[in-house]
Every structure is written in structure tokens, then in C-alpha cells.
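> whatever this is, show me its structure:
(2 chains)
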Amino acid sequence: MTWWSRLKTPDRGASERPSAPLEALQERASAYLDDELAAADRAAFEAELAASEEARDQLADLRLVRDAIAGIGVVRAPRSFALTAPPVPMTTGPRRLEWATRAGAGVAALLFVVALTNGPSRGDTPVTFGTTARESASQAAPKNAVPTAADLAPPGSSATLPTTPAPTASGTVTTGAAPAAPTSTSVAAAPRAAAPVAPVATPASAAPTASPAFAPTTPPDAGGAAGSAPTTTQAPPPSLAPATAPPAANPTPSGSPAAAAAPASTPAAAPPSTTLAATPTATPRALVAPAAPAPATPGGASNAAPAVTAAPESTAAAAAPRTPETATPTPGVAGNATGAPSTAPVTSPVTTPLATTQSPGSDSAGTSAPVRASQGMNGVAAGLGLLTLALVAASVAQYAARRRVQSR
Amino acid sequence: MTSPAHPRPGVEADPALDDLIQRAQRGELPAFNAIVLRHQDAVYSLVLRMLSSAEAAEDVTQEAFVSAWRHIDSFRGGSFRSWLFTIAANRARDELRKGVRRPTTSLDAARDDPDRADLDPVDGDPSPEAQAEQGELRTALEAALAELPPDWREVVVMSDIHGLDYAEIAQATGLALGTVKSRLSRARARLREVILASTELAEAAQRLSDRR
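Numbering: from 1, shown residues only, chains lettered A, B, ... in the order given. Below is the predicted model of the structure:
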């Protein structure tokens, strides 16, 4: 078969066809040398060889070249390429799992970063507890109110406050910063600082203190009886209500009747107690929590229950620290709570909230919604971090296993 | 009138090889390894001349045999060497396409290294004089081969060193028969110029051809 006979068939070597008679002769001679010509073409080329000295020279040169190249020889392999073990076929399953693990690790890492960056800033400053309490106190207190212990305390020194705040708090109470109660800020601050401990300690005496703090949650009739009208008009913060609903249902009634006994107590007391809450005691809430139902029974204002359920923590917790009377009858409880019975009258109401603020993750019974929200975010972030680490470790392990298989 | 060709090596039937192939297709690794030992020099030599790098040639050769083991069921008869060369050449072309630069191996310089006995030709001439003469010719031809376009070099190595016929080369390279003919002719013409450019090389090549 000559080169022109291939023009009718598709050929990838169209651009490589001989463009000159010499190249065509060389190609025919090369094919003849390799015995790759068809019978007819071979006969034709042999006739050409007989007639053309150039054709014979070309054929001799090509034979020389071919033999010389063949003399180069085959190179020995440097080693054996025999397979020591059958290569394990890589199915698509492990690869999919590996990619899924990688993708999961990436998503978890992204969520972790998002949780870290956005989590703490959400809510009303739940992360810096001391600062939050102080800010809440300043917001809750009226502008003309007597400076509270929180205001007087240097930043970050809330732990020293428990010894001195009692008079201040009581003074504040007597001063009567009633307008502060209606503000939602004060309500929000109270639950954050106060725990449901106080009402438990002294069901009867807790009432007076309860009135200002949980005033928003107190029903109108109970508020009227207590004489703290402004507080009754205040609606509980929506954020607090659902979070604290179940546990403090009972303490609230106790506060309602007691409110009549302590009309002087004002919401202004809440800020100090809130600030004082920085005192570190983790246990009190746990100690008094079981006792919480006790004060519920005497509660004459049983109709206050719905409101209490709406904001149980705020009512129960904030009620306790307001007045010295609250602390006085319950030295033992206070001593248990704080570990310092001598300061019981003052510290029992105060330190109880401290436990809440100091140990946000200890339990959720007396923790306010923002705090718990931040705790939740921190927990989510920590969980995502752990998940990221686990997925990355799994991905690395899968990759290493695959490399081991491939190397075999 | 000149006789057309000399017998092409390696194309004769091999019943033992057929038996090994069948056993390998049944999953017998020792049978496949026997095939590997038979063909590893040829495969490595082809890949080495295509890539001009001993390191890359080792990797590609090993990959080619692993791939051959995995796909040996797809071998339906014909030239097993051509089938094996197809896998190896495809792997080598992939390596060339990657463009990864690896240290090139000068076959002639490496042969002077006693540690590189693997570069000795399998069927070398035992005569020292002949070896020296062939060495000079081989040096010139290796250099000329390295200067050829990769497509041409692949075809001429398969044909003149490994003795594949045009159909086998076409199968291994995926080219049309006409393209194989054309490329082989041009490659030989280029190498002819190199050999005839030197009287010593031409005389050495002539003596080598006469011995064959």
C-alpha cells in the first residue's frame, strides 16, 4: 500500500505524509525493510529497486540505521517489578467517606468559628458577668438613686463587696428607688444576679424582697396588696419568662403576701444585689433549690402563680436580696450558701445570685436567659470545636490508611 | 535484489506465556509475576527511553505492572507484549504530559558507572573491541534518539529495539498504520543523518549490520 492509496481513509498522520518524492521513497523502503508492504506494493517496490540505484542506496542506509538502533539493545531493569501482594482495589466507598469526613470537618470548623465570633456578643452582655451586673444595676437604678454598692465598687472587685454591701443595700432599699422596678432592665438584671435561693431561705421574709424584684411578674392584685403599684405594671422580659418558668412557680406566691410587709423595699435594691452577686459561691443555689417549693405554700396570692411561672427566677431570686429582713431570719441557710455564717444576714441574699453569675455552667436553675444563652453558645462552640478536631483526626486517619494501602 | 527484512524479535508465539496469562487471569499472582519477570526489561527500557529519567521510568514501570494486574481480565488475546506496551506507553505519556521535571539519565554516561549495571544492554557483544566500537555508536544513537520528537522516538524504539510490527505499534500507540509508517520512516531518516555524518560511526554501523 503506497502513501497515496491512503488518501481516501481517515488518518491521523495526514500532516505527516511524505511531501517529497524522496520522503515517499524512504517510507516505501522503510516499510519494505520491515516487510510491511502489501504484495502488490512490494512487487512494485522491488521493480523500482531493480531500476533505481537511489532506491537501493536508501534501502541500504535504512537497514544500516535499523541494525544500529537494534544494537543499542534493551536496558536491564534496575530491580524486580514483581508484585509482592495483590494491590487492593480502591473502591469508591472509602473515598466517598473520606471526602465526606473532610467536608464535615470543614463545615464544623466554619460553624465553630461562627459560634466563637458571634456567640458571645449575642444577648445582653452575658459573657462578662461582673460587668453585666454592674451595667444592669446602673441601668436599673434611677438617676437620682443613691449609689449602690455596685456603683461604688471598683471594676472587678465585686468579690470584696459582700462584706460591705449590706448597709448599702438596705440603705438603698429605704431610699426607695421604686421607679427602677418598672424598667425591663432592672428585671433583666435581677434574674441574672439573683437566684431562687432567697425565697427558699425565708419564705415569709422573702416576700418583702420579692416584691420589688419580681414586681413585673406579680399580678396586679398582688402588687396592689403589696403597695408596689409600679412594679405590677411592668411586664416580664420575654426572654426571661420561658427560660425560668418551671422551677420558681412556688416561690412567687410567697413573695406576694410578704410584699405587704415590706412596702419599703424597692427595685433599687436589685442593682446592688446584682453587683454583689459577683461573690463567688457556687453551691447556694443547689442548696436552696429544693426548698423553693416550701414558701409556695403560704403564699396567699396564689393567683400570682401564672405571673410567677412567667418569670420565676426573677421573682424568686430578686426577692431575696432586697431587704435585710430577708436575710435575718435565715442565717443558717445563708451560712450554708456562702460558707460564712457571720455574714449571713447580708450575704445570704447577695451571695446566692453570685453563685449564679460566677458559675454560669454549674446549673441552669437560677441562670438568666441571656446567661444561659451565652452558656449555650459556649457549649455549642466547644462542641463544634471538639467535633472539628474529631473529624480532622478521622480524615487524617483515613488518608493515612489509604496511603498505606496504596504503598502496598 | 535485497531481501526485505530480518526476523523480528519477540513476535513468535509462546505457549508458556499463554498459560501464564490464563493463570494470571484466574488470579494467580505468581503466574503474573512470572510474566512480569519476562517483560520487565522491555517495559522498563521502553519507558526509560521515552522519559529519559531512570527514576521516573521505575515509577511508571511499576505503575504499569500494577495496572496490568488489575486489568488483566481485559486482555482478549493477541500480542500480550503489545498490550503491556500500551499500558506502559500510556503511563509514560501521562508522565510526559504532567511536565514534572525529573533528573534525566544519560544512558551512555550511566553505563560507565559500575553501579548502574542495569543499564547494560541485555545482549551485548562480549568482545572488548566490539564493545568499545558499539559504545561509541550507541552514544551517538542515544543522543540522536533523545533529540527526536517523542512521538517519533516512541515508534522507532518499539519497532527497532523491541521488534514490534506496525500493527502492534499501532495498537500500543493508538495510531493509524500509515502514521506509524510515516513516523518510523522519518525517524530513521533523521538517525541516518546522524550516523552518516561521521565516518567512524558509519563504519561501526556497517560492521554491526554485517554481523547481523
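> tell me who's in contact with residue 72.
With no chain named, the answer covers chain A. Residues in contact with residue A:72, defined by CB atoms under 8 Å, 6 or more residues apart in numbering or on different chains, are B:121, B:138, B:141-142, B:145, B:161. For glycine as for every other residue, the C-beta is placed from the backbone atoms N, C-alpha and C.
> hm, I was asking about chain B
By CB under 8 Å, 6+ apart, the neighbours of residue B:72 are B:21, B:24-25, B:32.
> show me the shaky parts of chain B.
Low-confidence segments of chain B (pLDDT under 70): B:1-13, B:100-126, B:212.
> and the helices in it, which stretches?
B:15-25, B:29-51, B:54-70, B:80-98, B:107-111, B:128-147, B:150-156, B:166-173, B:177-196, B:199-211 (DSSP state H).
> which one of those helices lies nearest to residue A:118?
Of all the helices of chain B, helix B:80-98 sits nearest to residue A:118, with 44.5 Å by CB to CB.
> can you list the helices and strands that that closest one packs against?
Judged by 3 or more CB pairs under 8 Å, 6 or more residues apart in numbering or on different chains; DSSP states H and E, helix B:80-98 is in contact with helix B:29-51, helix B:54-70, helix B:166-173.
> quick one, domains of chain A?
A:3-68, A:95-119+A:379-407, A:129-367 (automatic domain parsing).
> ok, of those, where does mean pLDDT dip lowest?
For the domains of chain A, mean pLDDT drops lowest on domain A:129-367, to a mean of 41.
> what residue lies at the spatial centre of chain B?
The residue lying closest to the centre of chain B (CA atoms, centre = their mean) is residue B:46, at 3.5 Å.
> so that residue touches residue B:160, yeah?
No - using CB atoms under 8 Å, residue B:46 is not in contact with residue B:160; the gap is 11.9 Å.
> quick one on the thing from earlier: dump the contacts of residue A:72 to CSV, plus neighbour count.
Shown next, in CSV, are the contacts of residue A:72 (neighbours: other CB atoms under 10 Å in any protein chain shown):
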residue, neighbour count
B:121, 20
B:138, 24
B:141, 24
B:142, 19
B:145, 24
B:161, 23
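> out of these, which comes closest to residue B:64?
residue B:161 (17.2 Å).
> distance of the closest one from chain A?
When distance is defined by CB to the nearest CB, to the nearest Å, residue B:161 is 6 Å away from chain A.
> coming back round to it: indicate which one of the helices and strands packed on helix B:80-98 is closest to residue A:394.
Closest approach to residue A:394 among the helices and strands packed on helix B:80-98 (CB to CB): helix B:54-70, 27.8 Å.
> same for the closest one, what does it pack against?
Helices and strands touching helix B:54-70, by 3+ CB pairs under 8 Å, 6+ apart, are helix B:29-51, helix B:80-98.
> re the thing from before, just name the closest of the contacts of residue A:72 to chain A, please.
residue B:121 (2.8 Å; CB to the nearest CB).
> can you give me the domain assignment for chain B?
Taken from automatic domain parsing, chain B resolves into B:13-106, B:127-212.
> closest to residue A:32 out of these?
Smallest distance to residue A:32 across those (CB to CB): 10.7 Å, for domain B:127-212.
> using CSV, write out every CA atom in stretch B:76-93.
Taking Å, rounded to 0.1, in the frame of the first residue of the first chain, the C-alpha atoms of stretch B:76-93 are listed here in CSV:
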residue,chain,number,x,y,z
ARG,B,76,-8.6,-10.8,25.0
GLY,B,77,-5.7,-12.4,23.2
GLY,B,78,-3.3,-11.1,20.5
SER,B,79,0.1,-9.7,21.4
PHE,B,80,0.5,-9.6,25.1
ARG,B,81,3.6,-7.5,24.8
SER,B,82,1.8,-5.0,22.7
TRP,B,83,-1.0,-4.9,25.3
LEU,B,84,1.6,-4.4,28.0
PHE,B,85,3.4,-1.7,26.0
THR,B,86,0.1,0.0,25.5
ILE,B,87,-0.3,0.4,29.3
ALA,B,88,3.3,1.4,29.8
ALA,B,89,3.3,3.9,26.9
ASN,B,90,0.1,5.5,28.1
ARG,B,91,1.5,5.8,31.6
ALA,B,92,4.7,7.3,30.1
ARG,B,93,2.8,9.8,28.0
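> what about stretch B:185-205, near chain A?
Yes - using CB under 8 Å from any CB of the partner chain, stretch B:185-205 reaches chain A at B:185-186, B:188-189, B:191-192, B:195-196, B:202, B:204-205.
> what's in contact with that stretch?
Contact with stretch B:185-205 is made by A:16, A:18, A:23, A:26-27, A:29-31, A:61-62, A:64-69, B:133-134, B:136-137, B:140-141, B:143-145, B:147-148, B:152-153, B:155-156, B:160, as judged by CB under 8 Å, 6+ apart.
> next one: stretch B:166-173
With CB under 8 Å, 6+ apart as the test, stretch B:166-173 has contacts from A:31, A:34, A:36, B:11, B:78-79, B:81-83, B:85-86, B:89, B:154-155, B:158-159, B:164, B:175-177, B:179-181, B:184.
> and the residues you listed, which are buried?
Among those, the ones that count as buried by 16 or more other CB atoms under 10 Å in any protein chain shown are A:31, A:34, A:36, B:79, B:81-83, B:85-86, B:89, B:154-155, B:158-159, B:164, B:175-177, B:179-181, B:184.
> thinking again about what came up before, any idea which of the domains of chain B is most buried?
Ranked by mean neighbour count, those are led by domain B:127-212 with a mean of 20 (mean count of other CB atoms under 10 Å in any protein chain shown).
> now the spatially closest residue to residue B:86 that is not a sequence neighbour: how far from residue B:85?
Spatial nearest neighbour of residue B:86, excluding adjacent residues (CB to CB, 6 or more residues apart in numbering or on different chains): residue B:172 at 4.5 Å. Remark: distance between residue B:172 and residue B:85 (CB to CB, to the nearest Å) = 4 Å.
> mutual contacts of those two, please.
Applying CB under 8 Å, 6+ apart, one finds that residue B:172 and residue B:85 are jointly contacted by B:158, B:164.
> that's a helix at residue A:385, yeah?
Yes - assessed by DSSP: H, G, I helix; E, B strand; the rest coil, residue A:385 belongs to a helix.
> list the contacts of the closest residue to it other than its chain neighbours.
Leaving out its chain neighbours, the residue that sits closest to residue A:385 by CB to CB, 6+ apart is residue A:112, at 5.1 Å. Counting by CB under 8 Å, 6+ apart, residue A:112 makes contact with A:381, A:384-385, A:387-388.
> circling back: ok, which of the helices of chain B comes nearest residue A:117?
Nearest to residue A:117 among those is helix B:80-98 (41.6 Å), distances taken as CB to CB.
> the closest one vs helix B:54-70, what angle?
Helix B:80-98 runs at 130 degrees relative to helix B:54-70, counting by axes from the mean of the first three to the mean of the last three CA atoms, to 10 degrees.
> any idea how far chain A is from the residue nearest to the centre of chain B?
For residue B:46, the distance to chain A (CB to the nearest CB) stands at 9 Å.
> contacts only, for that residue.
Per CB under 8 Å, 6+ apart, neighbours of residue B:46: B:85, B:88-89, B:92, B:157-158, B:161-162.
> next one: the closest residue to residue B:50 other than its chain neighbours from chain A, what distance?
Residue nearest to residue B:50 in three dimensions, not counting chain neighbours: residue B:92, with 4.3 Å by CB to CB, 6+ apart. Applying CB to the nearest CB, the value for residue B:92 to chain A is 14 Å.
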